[in-house]
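# Give me coordinates for this.
(one chain, ligands or ions: 1)
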Amino acid sequence: MSPEEGAPQTGFDGRNVIIAIDGPAGAGKSTIARHLARHFGLLNLETGAMYRAFALKALRAEISLDDAAALQTLAAETSIRLEPGDEENRVLLDEEDVTGFIRNRTVTDAASKVSVFPPIRAWMVRLQQQLGADGGVVMEGRDIGTVVFPHADVKIFLDAAPEVRGLRRFEQMGPSPAIQPEEVIRELHARDERDRNRADSPLRPSSDAILLNSTDMTLDEAVAAAEAIVDERLSSPRTAGKGIR
Ligand code: DC
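Below is the predicted model:
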């Protein structure tokens, strides 16, 4: 679908819009971002997939995940590209399609670890700013509204109680996962702590983000609520199109 198809009639060029979706794991960011991108005719960019791809490279190279210098050297010789798709992004690590290798538990944990280092974050932020430079994007992550696009047209901070997020993750794992729900909740909690407490751009809502807590909502209800927020923001001429600076 071209960016303009399905764009809201707001009196400005919908292609320039930047929608930032931030929040912890399992809050429904991916589902909501995917829906908003389809509905408003925008590209959906999953920044977590970039940290995951880099973590995969570090694991393959057997680099210690707390060796900041070695990670920085590795980053200097790494290329990561996201190609937006209908369901998920295609992730290219040094031109290898690693989309199918980055969602397992080992890479998930490693992504959270490598993302604490400022040089790694600075590199990723630069790449993400280039990806979204022309607008027409929904970008989801942890620091999109605070660091990557502080002037985004719409910022939503999604949250939900840790138990609810953990159970959602567990249910997404299929019919008989080799892990107990309690373990999923525990791992998610550990990752949350790291993402929220790192010194460089910790996960937190931007002061002008709209908070959406989906603890007592179904994902469908959360999607509808997010759509209503975006509709409302984009139909206000004051906020429209200021994402690009
Ligand atoms: O969104 P995700 O679960 O795929 O992200 C994986 C990890 O990457 C997450 O634990 C923290 C890191 N991350 C980040 O630090 N900043 C982002 N914008 C996106 C992800």
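# Quick one: name whatever helix or strand follows the helix or strand bottoming out on mean pLDDT in the chain.
Taking mean pLDDT, DSSP states H and E as the measure, the chain has helix 162-172 as its least confident helix or strand, at a mean of 90. Where DSSP states H and E defines the elements, the next helix or strand beyond helix 162-172 is helix 181-197.
# Can you point out the buried residues in that next one?
For helix 181-197, the neighbour count (16 or more other CB atoms under 10 Å) marks 184, 185, 187, 188, 191, 192, 195 as buried. All C-beta spots, glycine's among them, are computed from the backbone N, C-alpha and C.
# helices or strands up against that helix?
Contacts defined by 3 or more CB pairs under 8 Å, 6 or more residues apart in numbering; DSSP states H and E place helix 181-197 against helix 105-114, helix 162-172.
# about what we covered before: filter the buried residues of helix 181-197 to keep only those in contact with the ligand.
191, 195 (CB under 6 Å from any ligand atom).
# need the residues of this protein near the ligand, please.
So the chain meets the ligand at 25, 47-49, 51-52, 111-112, 115, 141-143, 191, 195 (CB under 6 Å from any ligand atom).
# For the least confident helix or strand of the chain, what is the distance to the chain centroid?
Offset of helix 162-172 from its chain centre (CA atoms, centre = their mean, to the nearest Å): 17 Å.
# now do stretch 79-90
12 Å.
# Counting by contacts, list what the helix or strand harbouring residue 140 packs against.
Secondary structure from DSSP H and E places residue 140 in strand 137-141. If you count contacts as 3+ CB pairs under 8 Å, 6+ apart, strand 137-141 packs onto strand 18-22, helix 29-40, strand 43-46, helix 47-60, helix 118-131.
# mind running it again at 7 Å?
Applying 3 or more CB pairs under 7 Å, 6 or more residues apart in numbering; DSSP states H and E, we find strand 137-141 packed against strand 18-22, helix 29-40, strand 43-46, helix 47-60.
# export stretch 115-124 as CSV, just CAs?
The C-alpha coordinates for stretch 115-124 follow below in CSV (Å, rounded to 0.1, in the frame of the first residue of the first chain):
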residue,chain,number,x,y,z
SER,A,115,21.3,-1.9,24.3
VAL,A,116,22.6,-0.4,27.6
PHE,A,117,25.8,0.9,26.0
PRO,A,118,25.8,4.6,24.8
PRO,A,119,27.9,4.1,21.7
ILE,A,120,25.6,1.3,20.6
ARG,A,121,22.5,3.4,21.3
ALA,A,122,24.0,6.4,19.5
TRP,A,123,24.6,4.3,16.4
MET,A,124,21.1,2.8,16.4
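# Pull out the buried positions in it.
Under the neighbour-count rule (16+ other CB under 10 Å), stretch 115-124 has 115, 116, 117, 120, 121, 123, 124 buried.
# Show me what it is in contact with.
Residues from elsewhere that reach stretch 115-124 (CB atoms under 7 Å, 6 or more residues apart in numbering): 50, 51, 54, 68, 71, 72, 75, 114, 194, 198, 200, 201.
# which residues touch the last one?
Shown in contact with residue 201 (CB under 7 Å, 6+ apart): 121, 143, 146, 147.
# How about the third one?
Residue 54 makes contacts with 75, 78, 80, 114, 120, as judged by CB under 7 Å, 6+ apart.
# Now do the fourth one: how many residues are near it, please.
By other CB atoms under 10 Å, the residues close to residue 114 number 25.
# And for it, nearest residue in space, chain neighbours not counted?
Nearest non-adjacent residue to residue 114, counting by CB to CB, 6 or more residues apart in numbering: residue 55, 5.0 Å away.
# Between which two of the buried residues of stretch 115-124 is the distance greatest?
Of all pairs drawn from these, the widest gap by CB to CB lies between 116 and 123 and measures 13.5 Å.
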